[in-house]
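Q: sequence and predicted structure below; questions after.
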Amino acid sequence: PPGPYHNAAIILLTDGQTTTGPDPIESARMASERGVRVFTVGVGTEKGEMLGAEGWSMRVRLDEASLKQIADITQGDYFHAGTAGDL
């Protein structure tokens, strides 16, 4: 329920693309109403890359705009981790 969870935080490590599940912007609004800050960490590139392991592969593309919006809504911060060293 809405309330003062001001000591709570979520660290979201993702490329930012929505493929399934609940709407991330609506989820950010719900977190904000509860005082939860979301710190987003964007991985990948805007151009996109193919990732794969153990017989599967998928194209991932960084959606910085969505990740920045989620962080803004919840009064968190956005970080870009383009490389393992950046992370």
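A: Structure received.
Q: next, the buried residues of stretch 17-31.
A: Buried residues in stretch 17-31, counted by 16 or more other CB atoms under 10 Å: Pro24, Ser27, Ala28, Ala31. Any C-beta I mention is one placed from the backbone N, CA and C, and that applies to glycine too.
Q: again, but for stretch 47-64
A: Buried residues in stretch 47-64, counted by 16+ other CB under 10 Å: Val60, Leu62, Asp63.
Q: now the residue of the chain most remote from its centre: phi and psi?
A: Distance from the centre of the chain peaks at Gly55, with 25.8 Å (CA atoms, centre = their mean). Backbone torsions for Gly55, taken as degrees, to the nearest 10, come to phi 90, psi 0.
Q: and for Ile25?
A: Dihedral pair for Ile25: phi -70, psi -40, per degrees, to the nearest 10.
Q: so the residue nearest to it when sequence neighbours are not counted: helix, strand or coil?
A: Nearest residue to Ile25 in three dimensions, chain neighbours excluded: Gln69, at 6.4 Å (CB to CB, 6 or more residues apart in numbering). Assigned with DSSP: H, G, I helix; E, B strand; the rest coil, Gln69 falls in the helix class.
Q: so who does Asp15 touch?
A: Going by CB atoms under 8 Å, 6 or more residues apart in numbering, Asp15 touches Gly42, Val43, Gly44, Val60, Arg61, Leu62, Asp63.
Q: neighbours around the third one, how many?
A: What it means is Gly44. Around Gly44 there are 21 other residues, counting by other CB atoms under 10 Å.
Q: show me what contacts it?
A: Residues near Gly44 by CB under 8 Å, 6+ apart: Asp15, Val60, Arg61, Leu62, Gly82.
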